[in-house]
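In: Need coordinates for the below:
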Amino acid sequence: MVFRIEEFAANTGLQYDKKAKTFWGTAKDYPVFLHYERRRSSLILSLTGKFPGDAAPPELTQQFEDLKKRDPLILSIGRQERRLIAQLLIPAQNPAQALAETLSRIAEFARQQKMTPCCAICGRTENYAPYLVHTDGYPICGHCKGNVEANLEAENQRRDQRKGRLPGLILGAVIGAALVFGTTWMAAGHNRISILTAVGGVMLGMLLMQKLGKKVTVPAAVLCSVLCLIASVSALFLHSANEIAKVNRKNYDFAAKVLEITETEPGEQDVFRTITAHQTIGACLRDLPELLENEMYAPVKRDLKDGLFWGFLSVLGGTAFCAYPYLSESRRRFALRKPVAS
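Out: You can find the predicted model right below:
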């Protein structure tokens with residue numbers, strides 16, 4: 001069955017913030033937020049409360065393991081300061097009802113631990129309200145709200161001032177381009193496969209730029225795209241030169257014997273001289289434009305055109321698909337806002 005937002009909200013009494021894709025409200029008086037991750041078929045739960053004396057019992061880890069054994073929908077569960085964080089599997093059968101029961105079970109577990117609902121920041125047990133920071137939810141009291149907003153603004157300013165690490169950005173783009181070159185070479189002749197291979201190279205390049213360069217900028221994304229395009233075109237040209245060289249080496253003995261016959265027409269001699277003079281990839285690559293105009297290599301020319309079309313399409317499409325999340329992340333500004341019921 002399909003997981004239905006309205007049905008789950010009705011079963012739990014929670015509201016749903018469509019922008020953050022997050023359910024919010026209370027479960028057995030505990031402030032809870034559940035972020036819906038459609039691609040992973042899961043919900044990320046945070047339940048806020050403090051333990052007696054603000055210290056978790058030493059046996060809590062084992063109790064978490066026991067709880068997971070009792071409920072197979074709990075993929076993971078752990079404790080952060082004043083919060084329980086769990087990943088819940090969305091099951092195929094009766095997902096809304098089953099997840100509502102799991103949520104109730106976790107809230108009951110918190111009650112058995114004598115956790116007290118509170119502000120996630122300071123632990124005050126009154127005058128707190130639900131807030132969202134992007135998709136993560138926190139109950140925050142009036143005393144802490146101003147400090148949280150100031151900290152978020154300071155973080156936004158640090159992010160704005162942070163620049164990408166040029167060596168890491170270049171290295172990430174080069175590695176991505178190298179993958180595009182290698183996979184395009186292997187997939188040449190099966191040109192539509194290059195859609196997957198080139199997109200994979202672009203994805204790796206963007207990921208490494210984020211990891212090594214710390215921030216993917218528009219110039220960095222353009223650099224990755226250009227290098228991947230160059231790599232794709234280079235691989236296709238080299239592959240075409242290699243294919244022509246293979247054909248010529250196969251016909252070398254025949255062409256050499258024909259050239260020994262003086263009665264051969266001059267036009268025919270040129271054809272056979274072309275064969276004997278282009279036996280290596282280097283020689284074919286050097287004269288590739290002229291060779292591709294020869295009818296003898298028409299299949300190679302056709303494959304090259306197809307490869308270039310799919311290569312350009314896949315690299316540019318891969319850049320558009322992969323760059324957006326990283327650029328959005330780099331430009332994202334964190335702000336505290338109240339959740340809105342959809």
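In: From residue 307, how far off is the residue nearest to residue 170 when sequence neighbours are not counted?
Out: Leaving aside its sequence neighbours, residue 170 sits nearest to residue 223 (C-beta to C-beta, 6 or more residues apart in numbering; 7.3 Å). C-beta: built from backbone N, CA, C; applies to glycine. From residue 223 over to residue 307 the distance is 23 Å, taken as C-beta to C-beta, to the nearest Å.
In: again with residue 15
Out: For residue 15, the distance to residue 307 equals 52 Å [C-beta to C-beta].
In: wouldn't residue 183 be in contact with residue 203 here?
Out: No. Judged on C-beta atoms under 8 Å, residue 183 makes no contact with residue 203 at a distance of 11.8 Å.
In: Who has more neighbours out of those two?
Out: residue 183 (21 against 16; other C-beta atoms under 10 Å).
In: Which pLDDT value belongs to the more buried one?
Out: For residue 183, the model assigns a pLDDT of 81.
In: close enough to count as contact, residue 165 and residue 212?
Out: Yes. Residue 165 is in contact with residue 212 according to C-beta under 8 Å; the separation is 6.8 Å.
In: list residues touching both of those two?
Out: With contacts defined as C-beta atoms under 8 Å, 6 or more residues apart in numbering, no residue is shared by residue 165 and residue 212.
In: OK, contacts around residue 243?
Out: For residue 243, the contacting residues are 300, 303, by C-beta under 8 Å, 6+ apart.
In: Can I take it that it is in a strand?
Out: No. Checked against DSSP: H, G, I helix; E, B strand; the rest coil, residue 243 lies outside a strand; its state is helix.
In: how near is it to residue 313?
Out: Distance from residue 243 to residue 313, by C-beta to C-beta: 22 Å.
In: And for residue 245?
Out: Distance of residue 245 to residue 313, computed by C-beta to C-beta: 28 Å.
In: Of these two, which one has the most company?
Out: residue 245 (19 against 14).
In: Identify the residues contacting that one.
Out: Each residue near residue 245 by C-beta under 8 Å, 6+ apart is listed here: 278, 279, 280, 281, 283, 284.
In: with these in mind, which one is nearest to residue 336?
Out: residue 281 (60.9 Å; C-beta to C-beta).
In: Backbone dihedrals for the closest one, please?
Out: Main-chain torsions, residue 281, degrees, to the nearest 10: phi -60, psi -40.
In: That one: neighbour count?
Out: Here the number of neighbours of residue 281 (other C-beta under 10 Å) works out to 18.
In: Which residues are in contact with it?
Out: Residue 281 touches 238, 241, 242, 245, counting by C-beta under 8 Å, 6+ apart.
In: what's the answer for residue 112, then?
Out: Counting by C-beta under 8 Å, 6+ apart, residue 112 touches no other residue.
In: Okay, it and residue 57: tell me how far apart.
Out: Residue 112 sits 11 Å away from residue 57, going by C-beta to C-beta.
In: Closest to residue 19 out of the contacts of residue 281?
Out: Looking across the contacts of residue 281 and measuring by C-beta to C-beta, the closest to residue 19 is residue 238, at 48.5 Å.
In: Please spell out which residues along the helix or strand that contains the closest one are buried.
Out: Assigned by DSSP states H and E, residue 238 belongs to helix 218-250. Across helix 218-250, burial judged by 16 or more other C-beta atoms under 10 Å covers 220-221, 223-225, 227-229, 231-245, 247-248.
In: Could you do stretch 95-109 as well?
Out: For stretch 95-109, the neighbour count (16+ other C-beta under 10 Å) marks 95, 96, 98, 99, 100, 102, 103, 106, 107, 109 as buried.
In: Show only the entries of those found in helices.
Out: Residues of the buried residues of stretch 95-109 located in helices (DSSP state H): 95, 96, 98, 99, 100, 102, 103, 106, 107, 109.
In: any weak-confidence spans in the chain?
Out: Scanning the chain with the threshold set as pLDDT under 70 gives 1, 189-197, 259, 261-269, 329-331.
In: What's the PyMOL line that selects buried ones from the contacts of residue 245?
Out: Here is the PyMOL command that selects the buried residues among the contacts of residue 245 (16+ other C-beta under 10 Å):
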select buried, resi 278+281+283+284
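In: quick check, nearest of the contacts of residue 245 to residue 86?
Out: Using C-beta to C-beta, these come closest to residue 86 at residue 281, 57.5 Å.
In: Now do that closest one against residue 248, distance only.
Out: 11 Å.
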